[in-house]
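>>> With the input below, show me the fold.
(2 chains)
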Amino acid sequence: MSLEVLKPGFLTLLQDFGRYEYGRFGITQGGPLDEHAFLWANRILNNHYNAAQLEISFGGFSARFHKTTTIALCGADLSATLNGTPISVWSTYSVVAGDEIKFTAPKSGLRCYLSIEGGFEVEKVLNSSSTVPREGVGGLQKDGSPIAKGDKLPYSTNDIEPNNVLHSVTTGVVKKGVPQAFIPNYPKAIELRFVKNPFLTSIEQLNKFVQQSYRVSQKIDRMGYCLSGVPLHLGGGIISQGISLGTIQVPSDGQPIVLMKDRQTMGGYPQMGCVAYLDIPLLVQSMPGTEVNFVVAELNELEEELIKYKQFFNLPV
Amino acid sequence: MDTQKPFTQAPSIQALSENTLIILFEQKIDSDVFHQVKDCMEIIQPQFSRYIIDIIPAYCSIHILFNVSKISNQQFCRLLKGSLYSLTKRDTQKPSSKKSNKSGKLIEVPVYYGPEVALDIASIAQAAKLSINEVISLHCDTVYDVYAIGFAPGFAYLGNVDKRIAHPRKPSPRAKVVAGSVGIADTQTAIYPSDSPGGWQIIGRTPISVIDYQQEHLTQFTVGDQVKFISINRAEYLKMGGVFTQESLDKEDDNAAR
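Numbers count the residues shown, from 1 in each chain, chains lettered A, B, ... in the order given. Model (predicted):
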């Protein structure tokens, strides 16, 4: 039984938690751009943290369910409807065979996660079903293809109604939601904490970086988000080295790029620092034009937060 | 006395983010520095495997993604410093193990350097004032180190190319370089694992596949391995499964027409 894709939208990708042990072979990490929304979408269905979901960017996606199940939506509000009735993000819904889900355009945020009870069941490539079109790896076709019209995404479902959620006889009834405190509101201005690169020498450039406001540019994709502001001068390249998630690199045009899940494994641009792991989802959901301010953070504090987060979601990595 | 410089300059170990850190060696592309990276990998990989999620060695650095739930960044940096300190001691006491390839393997890669596939070999020969055959033998005479793997899955940076045939990248990259193409960029050489855009000067093509997504190990190259190219002729290339794509046949027609 499957979810049949009627319209693929701008960019819809099958994603699980990503590939974590293949950087040494030049394989990017992949996985959900907004890890916070992804993890909640699995959590409220009592799925394994790694269960495969759809990452729907900007909308335009529609699909039909072929079997009764429960779904969750988390992340951006892409004006989703179920059989024409608006539904909310950060909630689960029961669906029956024949139900149609549709995402039109972003109201707030950019990427919405559609998870399904038990996850989509797709054969993995290199231990993951995450799709990386650039590398031709993963996804439903295993070759990195994004979701296309006519794709049938298999899922299995228990015939026994799960007892951890309220029983509903009609389709589209909210069963369970994410607690309000964990729901971000995707504001027009965001603040990102970051740790300075330990090899950064220019205090002047650091000051220039934290004292100005940036804007999210039009150049945003799964590899990186380019920001625009008064150019920085961090000097020429460095000898290529492994690159961390959230690295703020500054190429010769002086405009910072924050590197995301599909970044290349190595890079040679100078680095200003690294965005806090838990702040990355904020940037991921920011539309072009969003104001971005950077504040220096202490590594110890961020580390504690990350450990709590990993415990909360039972993440082994 | 030892010809290899031991860790006279202790590598710098620094946190980059909550769960990543980097070990930086002397920042230059150099065989001696690279062998320090290799020695360091041999020590830390087995010793700290319970903390390490991914490790990316490259030229003169080692980037580590680790499990922050098991060890704090500060603690891990301290452990690494201790372990590398003992490496420093060991290396200064013991005569050089220079270029020994304890862990790495030697991989021989057959390459066809014919005009249908060696799109840029003539211009390299011309710039170097060498014959095409001389370029080929210089490329085959060196045993290369795998300095890094990156840019694309399985793309291995090999060095160093003999200075006489070192050549800068093309001013603008080709839209498509065919899988198996062997290229030169400055003092490095590499094989394109899959079709991709690329600016390296293409001097030949291997019939063997260097990447396999069905394999857990993905590619036979590992940082620290060594690679030697073996020149093969057209018949051997075809026999080993080599193919000619349309563009290389067009090029052949061009050559025939000239």
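>>> quick one, phi psi at the residue of the stretch 101-250 of chain B found nearest chain A?
Closest approach between the stretch 101-250 of chain B and chain A, counting by CB to the nearest CB: B:Gly150, at 3.5 Å. Glycine gets a C-beta too; all of them are placed from N, C-alpha and C. B:Gly150 adopts backbone torsions of phi -180, psi -160, taken as degrees, to the nearest 10.
>>> What segments of chain B are helices?
Secondary structure of chain B (DSSP state H): helices at B:31-47, B:73-93, B:121-128, B:132-141, B:234-239, B:246-257.
>>> closest one to A:Ser88 among those?
Nearest to A:Ser88 among these is helix B:73-93; the distance by CB to CB comes to 38.5 Å.
>>> would you list the helices of chain B in CSV and tack on mean neighbour count and distance to chain A?
Output for these, formatted as CSV (neighbours: other CB atoms under 10 Å in any protein chain shown; distance: least, CB to the nearest CB, whole Å):
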stretch, mean neighbour count, distance to chain A
helix B:31-47, 18, 10
helix B:73-93, 15, 6
helix B:121-128, 17, 23
helix B:132-141, 17, 23
helix B:234-239, 14, 25
helix B:246-257, 12, 20
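>>> Those helices into TSV, with extra columns for distance to A:Arg134?
Listed next are the helices of chain B as TSV, based on distance: least, CB to CB, whole Å:
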stretch	distance to A:Arg134
helix B:31-47	27
helix B:73-93	30
helix B:121-128	29
helix B:132-141	29
helix B:234-239	29
helix B:246-257	22
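>>> Redo those helices as CSV? Include distance to A:Tyr49 and mean pLDDT.
CSV is the format used below for the helices of chain B (distance: least, CB to CB, whole Å; pLDDT from 0 to 100):
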stretch, distance to A:Tyr49, mean pLDDT
helix B:31-47, 27, 92
helix B:73-93, 23, 80
helix B:121-128, 51, 96
helix B:132-141, 48, 98
helix B:234-239, 48, 96
helix B:246-257, 46, 53
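>>> Name all residues that make contact with the closest residue to A:Met266 other than its chain neighbours.
Excluding the flanking residues, the one nearest A:Met266 by CB to CB, 6 or more residues apart in numbering or on different chains is B:Gly150, at 3.5 Å. By CB atoms under 8 Å, 6 or more residues apart in numbering or on different chains, the contact list for B:Gly150 reads A:Gly26, A:Ser240, A:Gln264, A:Thr265, A:Met266, B:Ile56, B:Ala58, B:Tyr157.
>>> give the contact list for the residue of chain B at minimum distance from chain A.
Of all residues in chain B, B:His63 sits closest to chain A, at 2.4 Å by CB to the nearest CB. If a contact means CB under 8 Å, 6+ apart, then B:His63 has A:Gly23, A:Gln241, A:Gly242, A:Ile243, A:Ser244, B:Leu16, B:Thr20, B:Leu21, B:Ile22, B:Ile55, B:Ile56, B:Pro57 as its contacts.
>>> Repeat that for A:Lys219.
With CB under 8 Å, 6+ apart, A:Lys219 has these contacts: A:Tyr225, A:Cys226.
>>> Relative to the host helix or strand of it, what are the paired strands and their orientations?
Element membership for A:Lys219, per DSSP states H and E: strand A:214-220. Sheet pairing of strand A:214-220 (DSSP bridges) gives strand A:224-228 (antiparallel), strand A:291-296 (antiparallel).
>>> follow-up on the earlier one: using JSON lines, please lay out the contacts of B:Gly150 together with pLDDT and neighbour count.
Conversion of those to JSON lines gives the following (pLDDT from 0 to 100; neighbours: other CB atoms under 10 Å in any protein chain shown):
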{"residue": "A:Gly26", "pLDDT": "93", "neighbour count": "26"}
{"residue": "A:Ser240", "pLDDT": "91", "neighbour count": "23"}
{"residue": "A:Gln264", "pLDDT": "91", "neighbour count": "19"}
{"residue": "A:Thr265", "pLDDT": "94", "neighbour count": "27"}
{"residue": "A:Met266", "pLDDT": "92", "neighbour count": "23"}
{"residue": "B:Ile56", "pLDDT": "96", "neighbour count": "25"}
{"residue": "B:Ala58", "pLDDT": "95", "neighbour count": "24"}
{"residue": "B:Tyr157", "pLDDT": "94", "neighbour count": "24"}
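>>> which of these lies closest to A:Leu306?
B:Ile56 (20.2 Å).
>>> beta partners of the one residue sitting closest to the centre of chain B?
By CA atoms, centre = their mean, the mean C-alpha position of chain B lies nearest to B:Tyr157, the distance being 2.6 Å. Note on B:Tyr157: beta-bridge partners by DSSP bridges are B:Ala148.
>>> you'd agree it is up against B:Asp186?
No - using CB atoms under 8 Å, B:Tyr157 is not in contact with B:Asp186; the gap is 10.7 Å.
>>> Return the helix or strand in chain A with minimum mean pLDDT.
Across the helices and strands of chain A, mean confidence by mean pLDDT, DSSP states H and E is lowest for strand A:174-177: a mean of 70.
>>> For the strand holding A:Lys219, which residues meet the burial criterion?
Buried positions in strand A:214-220, judged by neighbour count with 16 or more other CB atoms under 10 Å in any protein chain shown: A:Tyr214, A:Val216, A:Ile220.
>>> Stretch A:41-49 too?
Buried residues in stretch A:41-49, counted by 16+ other CB under 10 Å: A:Ala41, A:Asn42, A:Arg43, A:Ile44, A:Leu45, A:Asn47, A:Tyr49.
>>> Redo those as TSV? Include secondary structure.
Output for these, formatted as TSV (DSSP: H, G, I helix; E, B strand; the rest coil):
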residue	secondary structure
A:Ala41	helix
A:Asn42	helix
A:Arg43	helix
A:Ile44	coil
A:Leu45	coil
A:Asn47	coil
A:Tyr49	coil
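>>> Which two of those residues have the greatest separation?
Across the buried residues of stretch A:41-49 (CB to CB), the longest gap, 12.2 Å, separates A:Ile44 and A:Tyr49.
>>> Can you pull out the low-pLDDT segments for the chain?
Using chain A here. Flagging of chain A using pLDDT under 70 yields the residue ranges A:158-175.
>>> That was the other one, I meant chain B.
Within chain B, the stretches with pLDDT under 70 are B:1-8, B:87-103, B:246-258.
>>> again, only using 80
B:1-9, B:86-103, B:214-217, B:245-258 (pLDDT under 80).
>>> Can you pull the phi/psi pair for the residue in chain A positioned nearest to chain B?
Taking CB to the nearest CB, chain B has its nearest neighbour within chain A at A:Gly242, 2.4 Å off. Per-residue torsions, A:Gly242: phi -60, psi 150 (degrees, to the nearest 10).
>>> Listing partners with orientation, what would you give for the helix or strand where A:Leu153 lies?
According to DSSP H and E, A:Leu153 maps onto strand A:152-154. The strands beside strand A:152-154 in its sheet (DSSP bridges) come out as strand A:2-8 (antiparallel).
>>> Moving along the chain from the partner strand, name the first helix or strand you hit.
Immediately after strand A:2-8, counting by DSSP H and E, sits strand A:11-15.
>>> Identify the residue spatially nearest to the residue of chain A closest to chain B, adjacent ones excluded.
Sequence neighbours aside, B:His63 is the residue nearest to A:Gly242 in space, at 2.4 Å (criterion: CB to CB, 6+ apart).
>>> end to end, how far does stretch B:131-150 reach?
32 Å (CA to CA, to the nearest Å).
>>> how far is that stretch from where the chain is centred?
From the chain centre to the centre of stretch B:131-150 is a distance of 11 Å (CA atoms, centre = their mean, to the nearest Å).
>>> didn't B:Val143 look like it was pressed against B:Phe229?
No - with contact defined as CB under 8 Å, B:Val143 does not count as touching B:Phe229 (9.6 Å).
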